[in-house]
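>>> quick one, structure for this:
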Amino acid sequence: MERKAVAYSKVWNMPNMLTYGRFTDAIASSYGGSVQTAAAEYEKRSPELHPERLKMPCAFTTGGKDFVVPPDSTQRLVTALKSLDA
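Residues are numbered from 1 along each chain as shown. From the prediction side, this is the model:
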């Protein structure tokens with residue numbers, strides 16, 4: 001299965017919200033608390049930890065000097081998605 005899509009928001013497309021350090025107030029408001037107080041919710045919503053939930057085509061872009069969305073987190077999600085198609 002080929003997966004391609006475009007992320008409309010870097011925050012929405014963050015593969016692993018547990019390690020994301022930006023927009024913490026807005027994310028905490030949406031997730032019902034901080035990573036420390038609502039870790040289960042962050043884990044539940046993480047595409048990186050649950051790649052099997054992505055049913056639509058996906059496309060990913062990242063920059064080596066991107067300090068907002070860490071490239072290694074995106075790379076881990078891509079690797080996880082590829083392993084599902086093996």
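
>>> and after the lowest-mean-pLDDT helix or strand in the chain, which helix or strand comes next?
Within the chain, no helix or strand scores below helix 24-31, which has a mean of 84 by mean pLDDT, DSSP states H and E. Heading C-terminal from helix 24-31, the first helix or strand you meet, by DSSP states H and E, is helix 39-45.

>>> what's the average pLDDT for that next one?
Average pLDDT, helix 39-45: 87.

>>> and the least confident helix or strand of the chain, what's buried?
27-28, 31 (16 or more other C-beta atoms under 10 Å). Any C-beta I mention is one placed from the backbone N, CA and C, and that applies to glycine too.

>>> with those in mind, which one is nearest to G63?
Of all the buried residues of helix 24-31, I27 has the smallest distance to G63: 21.2 Å, by C-beta to C-beta.

>>> circling back to that earlier point, dump the buried residues of helix 24-31 to CSV, plus distance to E43.
Putting the buried residues of helix 24-31 into CSV (distance: C-beta to C-beta, whole Å) gives the following:
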residue, distance to E43
I27, 14
A28, 15
Y31, 10
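
>>> quick one: average pLDDT of stretch 63-77?
Stretch 63-77 comes out at a mean pLDDT of 79.

>>> mind listing what's buried in that stretch?
In stretch 63-77, counting by 16+ other C-beta under 10 Å, buried: 69-70, 73-74, 76-77.

>>> biggest helix in the protein by residues?
Counting residues, the longest helix found in the chain (DSSP state H) is helix 71-84.

>>> pull the CA atoms of it into PDB?
Taking Å, rounded to 0.1, in the frame of the first residue of the first chain, the C-alpha atoms of helix 71-84 are listed here in PDB:
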ATOM      1  CA  PRO A  71      13.700  15.500  11.500                       C
ATOM      2  CA  ASP A  72      14.600  12.300  13.400                       C
ATOM      3  CA  SER A  73      11.000  12.000  14.700                       C
ATOM      4  CA  THR A  74       9.600  12.200  11.200                       C
ATOM      5  CA  GLN A  75      12.200   9.700  10.000                       C
ATOM      6  CA  ARG A  76      11.100   7.200  12.800                       C
ATOM      7  CA  LEU A  77       7.500   7.500  11.600                       C
ATOM      8  CA  VAL A  78       8.400   6.900   8.000                       C
ATOM      9  CA  THR A  79      10.400   3.800   9.100                       C
ATOM     10  CA  ALA A  80       7.500   2.500  11.100                       C
ATOM     11  CA  LEU A  81       5.100   3.000   8.200                       C
ATOM     12  CA  LYS A  82       7.400   1.200   5.800                       C
ATOM     13  CA  SER A  83       7.700  -1.800   8.200                       C
ATOM     14  CA  LEU A  84       3.900  -2.200   8.100                       C
END
